[in-house]
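**Student:** here is my input, please return the structure:
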Amino acid sequence: AFKRGLAKAFQDCRKNAWEEGFVQVSDACLSALELVQYYNVGLDTTLTWTLFGMLSVEGSARQLDPQVDCAAAAQRYIITLPSLVKEARSQSWTTTKHMCGELLFGCVGKDYWEWRREVGLSWQDLQR
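**Tutor:** Okay, the predicted model is just below:
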């Protein structure tokens, strides 16, 4: 139940990107922490501080600019070829396909999310 709840929290975080234009990292972090508390899951101290740090950074950045996209700023450090290979082995083809798109678009200096909005693709279109 905990894993399903965590997966749903991060899926919902990605789905909201269509309406908001950016990923709400803080929403996913808060949902994860709520699930940890509800299911009484023990967390590594480093992970806990990382989640709190992400919440603080995004909150501070949003105070300065409500449209700031912390996930896009961190994307080049998160979506790398080694992480893509690892995810390809454990995730669905849909997730891997989007990660490949983000990596390729990033290499040529384009925004994958912006391109998807420009061509009018919805989240449901991309699930196929």
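
**Student:** residues contacting residue 112?
**Tutor:** Taking CB atoms under 8 Å, 6 or more residues apart in numbering, we find residue 112 in contact with 98, 101, 102, 105, 106. Every C-beta, even on glycine, is put in place using the N, C-alpha and C of the backbone.

**Student:** out of the residues you listed, who has the most neighbours?
**Tutor:** Each of those was scored for neighbours by other CB atoms under 10 Å, and residue 102 scores highest at 20 neighbours.

**Student:** so is it in a helix, a strand, or just coil?
**Tutor:** Three-state assignment for residue 102 (DSSP: H, G, I helix; E, B strand; the rest coil): helix.

**Student:** tabulate the contacts of residue 112 (CSV), appending distance to residue 40.
**Tutor:** Output for the contacts of residue 112, formatted as CSV (distance: CB to CB, whole Å):
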residue, distance to residue 40
98, 33
101, 38
102, 35
105, 41
106, 39
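
**Student:** could you dump the residues you listed to JSON lines with distance to residue 11 and pLDDT?
**Tutor:** Supplementary listing: these in JSON lines, determined by distance: CB to CB, whole Å; pLDDT from 0 to 100:
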{"residue": "98", "distance to residue 11": "12", "pLDDT": "76"}
{"residue": "101", "distance to residue 11": "17", "pLDDT": "82"}
{"residue": "102", "distance to residue 11": "16", "pLDDT": "79"}
{"residue": "105", "distance to residue 11": "21", "pLDDT": "84"}
{"residue": "106", "distance to residue 11": "22", "pLDDT": "79"}
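
**Student:** helices of this protein, residue ranges please.
**Tutor:** Ranges of helices within the chain are 2-20, 25-38, 45-64, 70-78, 81-90, 93-107, 112-118, 123-126, based on DSSP state H.

**Student:** all good on my end, thank you.
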